[in-house]
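**Q** Structure for the following, please:
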Amino acid sequence: MSSDAVPPRIANYLALLAATPHWTRSPPGGIEILLDPPEIMAAERATAARYLACGLQAEWAEAGIHYRDPYLLLVRDAVRFPGGELGIHHRILRGTTDPSGVAVLPRLPDGRILLLRHFRHATRRFHWEVPRGGIEAGSDAESSVHAELAEEIGARVRSLVRLGTAHGASGLLGLGVALYLADTDPPGAPAVNEGIVGSRAVTPAELDSMLLGDEITDAFTLACVTQARVRGLLPSPVA
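**A** Predicted structure coming up:
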């Protein structure tokens, strides 16, 4: 197929993927992302036929970049499933780094853990959670931790331990988040302009009570607590 026959939306999409190869990983046994224009268009036709048979719009089967701003990217990938069937899959991505964000469990000098009361637009509710944020262009994970703690709780990092990585809502979000435990100085005022209305320093026993009471539902906070616990960095309360 000549380049003239490739729709611009597919050409733009393929140029993006060529510049971000970590977004096209296709390990054996996984769902393969199609990068050949004829195969992409074959997947679109097959998916459009299925959609039309269900009374849905054929346009929903078009692969490519369907939304982009400085923070998020929504793409529809043409894919081959492990059984050989062609189809379309959606992903929301962020930035060009992997991981693309950080979440950090702040431990105060007295051993308590600091949680933020943060309003989240997507859920339309307040959450108890650890500080977190994206890794900006030109930055790295550790620098982002220092920046987030200074910005969100006005605290300086004294020591930092990497806890691993977490992926939230992995069926849709391609957003890996680096997890950390940070020993910090006493905090300052929280960043109320970001929807943070307060903070709470809790002991391990109080933390567990909040978990059992379903007061903490943020996935990255749960991941930080779990990783810190299994590494022996956050003691479990004595029964």
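
**Q** confidence score at the residue nearest to the spatial centre of the chain?
**A** With distances taken as Cα atoms, centre = their mean, L175 lies nearest the centre of the chain, 3.0 Å away. Per-residue confidence (pLDDT) for L175: 86.

**Q** How about the one 3 residues further on?
**A** Reading off the confidence values, A178 has pLDDT 97.

**Q** again with S139
**A** For S139, the predicted pLDDT is 88.

**Q** hey, C-alpha coordinates of the strand ranked longest in the chain in CSV?
**A** Under DSSP state E, the strand in the chain containing the largest number of residues is strand 157-167. Extracted as CSV, the C-alpha positions of strand 157-167 are listed here (Å, rounded to 0.1, in the frame of the first residue of the first chain):
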residue,chain,number,x,y,z
VAL,A,157,12.4,14.6,52.1
ARG,A,158,15.0,13.3,54.5
SER,A,159,15.3,9.8,53.0
LEU,A,160,13.5,7.9,50.2
VAL,A,161,12.9,4.2,49.4
ARG,A,162,11.5,2.9,46.1
LEU,A,163,8.7,0.5,46.8
GLY,A,164,7.9,-0.8,43.3
THR,A,165,5.3,0.1,40.6
ALA,A,166,1.5,0.1,40.4
HIS,A,167,-0.9,0.2,37.6
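
**Q** Return the distance of G29 relative to P82.
**A** Shown here: G29 relative to P82, a distance of 6 Å by Cβ to Cβ, to the nearest Å. Quick note: C-beta positions are derived from backbone N, CA and C, even for glycine.

**Q** who's more crowded, these two?
**A** Neighbours were counted for G29 and for P82 using other Cβ atoms under 10 Å; P82 has more, 10 against 7.

**Q** which SSE is that one in?
**A** P82 belongs to no helix or strand when assigned by DSSP states H and E.

**Q** Thought S26 was touching it, still the case?
**A** No: assessed by Cβ atoms under 8 Å, P82 is found out of contact with S26, at 10.8 Å.

**Q** tell me the domain ranges of the chain?
**A** For the chain, the structural domains run 3-93, 101-230, going by automatic domain parsing.

**Q** would you turn the ones you listed into CSV with distance to S236?
**A** Converted to CSV, the domains of the chain look like this (distance: least, Cβ to Cβ, whole Å):
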stretch, distance to S236
domain 3-93, 35
domain 101-230, 6
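
**Q** Can you say which of those domains is packed in most?
**A** The highest mean neighbour count among these, using mean count of other Cβ atoms under 10 Å, belongs to domain 101-230: a mean of 17.

**Q** Show the contacting residues for G195.
**A** G195 makes contact with H118, F119, R120, H121, according to Cβ atoms under 8 Å, 6 or more residues apart in numbering.

**Q** For the spatially closest residue to Y67 that is not a sequence neighbour, give its distance to G171.
**A** Spatial nearest neighbour of Y67, excluding adjacent residues (Cβ to Cβ, 6 or more residues apart in numbering): L74 at 3.9 Å. Distance, L74 to G171, by Cβ to Cβ: 14 Å.

**Q** Not counting its own residues, what contacts the top helix by length along the chain?
**A** For the chain, the helix that runs over the most residues, judged by DSSP state H, is helix 37-53. Applying Cβ under 8 Å, 6+ apart, the contact partners of helix 37-53 are 1, 5-6, 10, 14, 34, 57-58, 60-63, 78-80, 85-88.

**Q** try it again with 6 Å
**A** Helix 37-53 has contacts (Cβ atoms under 6 Å, 6 or more residues apart in numbering) with M1, V6, I10, L34, A58, W60, A61, A63, A78, L86, G87, I88.
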